[in-house]
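Peer 1: Structure for the following, please:
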Amino acid sequence: MARYRGPKSKIARKFKEPIFGPDKTLDKKGYPPGQHGPNKRRRKESEYGIQLMEKQKAKYTYGILERQFRNTFKEAASTKGVTGERLLQLCEARLDNTVFRLGIAPTRRAARQLVSHRHIVVNGRVVNIPSFSVKPGDIIEVREKSKSLESIVDALSGRSNQFPWLEWDENLMSGKFIQYPSREEIPENIKEQLIVELYSK
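Peer 2: Numbers count the residues shown, from 1 in each chain. Okay, here's the model as predicted:
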């Protein structure tokens, strides 16, 4: 299954944001990676370069490769609403992201693995496709055989984030996708309008 497997800290430093979660390396080296360190002369970025960086940031944040991201954008552009907001809503509605937001996994990468290894059930059926699109009203739960898995138990014990578009039942280890989140509810620092401008060229 294709996904980014390279160094995470290097990517986080490139965008100057902990897009893969807390990162000690980013705290120590808050400048882009490269041979000459923080003193390297950096060229002024072009408008295209800034837009491209924003798209790359979104792709790495949600763990989506280029073709899939482009298809997601096309879907967002063909539906009603603001294209940029719809793009982020569709990214948030991915099953791996929803599992992460519910707190079943500590990171999106871990959530992707749980889904791929058939630990997650949607509406009573096992789904092992991380990019599966969750719809409002869908019930996402941990498979009965997997409820005692140490990684899941640990993740849920440290669960703190509550998102208004999701409901969580601790006893049943199940959550409900209530609705697509509004842009204000999505915490990611992504300037989606720059991505729209890039794809509109």
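Peer 1: going forward, measure contacts and count neighbours with C-alpha atoms only.
Peer 2: Noted.
Peer 1: Quick one: the strands in the protein, in order.
Peer 2: Taking DSSP state E as the test, the strands found in the chain are 120-122, 125-126, 139-142, 166-169, 174-177.
Peer 1: Adjacent strands (with direction) for the shortest one?
Peer 2: Taking DSSP bridges as the criterion, strand 125-126 forms sheet pairs with strand 120-122 (antiparallel).
Peer 1: residues in contact with the partner strand?
Peer 2: 114, 126-128, 138-143 (CA atoms under 8 Å, 6 or more residues apart in numbering).
Peer 1: 6 Å instead?
Peer 2: Residues outside strand 120-122 that contact it (CA atoms under 6 Å, 6 or more residues apart in numbering) are 126-127, 139-143.
Peer 1: Could you report the pLDDT at the residue nearest to Ala93 when sequence neighbours are not counted?
Peer 2: Nearest in space to Ala93, with sequence neighbours left out and distances taken as CA to CA, 6 or more residues apart in numbering, is Val134 at 5.2 Å. You'll see Val134 listed with a pLDDT of 97.
Peer 1: where's Val134 relative to Val127, distance?
Peer 2: From Val134 across to Val127, the span is 11 Å (CA to CA, to the nearest Å).
Peer 1: same thing with Leu90?
Peer 2: The value you get for Leu90 to Val127, if CA to CA is used, is 18 Å.
Peer 1: repeat for Ile152
Peer 2: According to CA to CA, Ile152 and Val127 sit 17 Å apart.
Peer 1: higher neighbour count, these two?
Peer 2: Neighbour tally, Ile152 and Val127, criterion other CA atoms under 10 Å: the higher count belongs to Ile152, 21 against 18.
Peer 1: so how far is Glu192 from the more buried one?
Peer 2: From Ile152 to Glu192 the distance is 32 Å (CA to CA).
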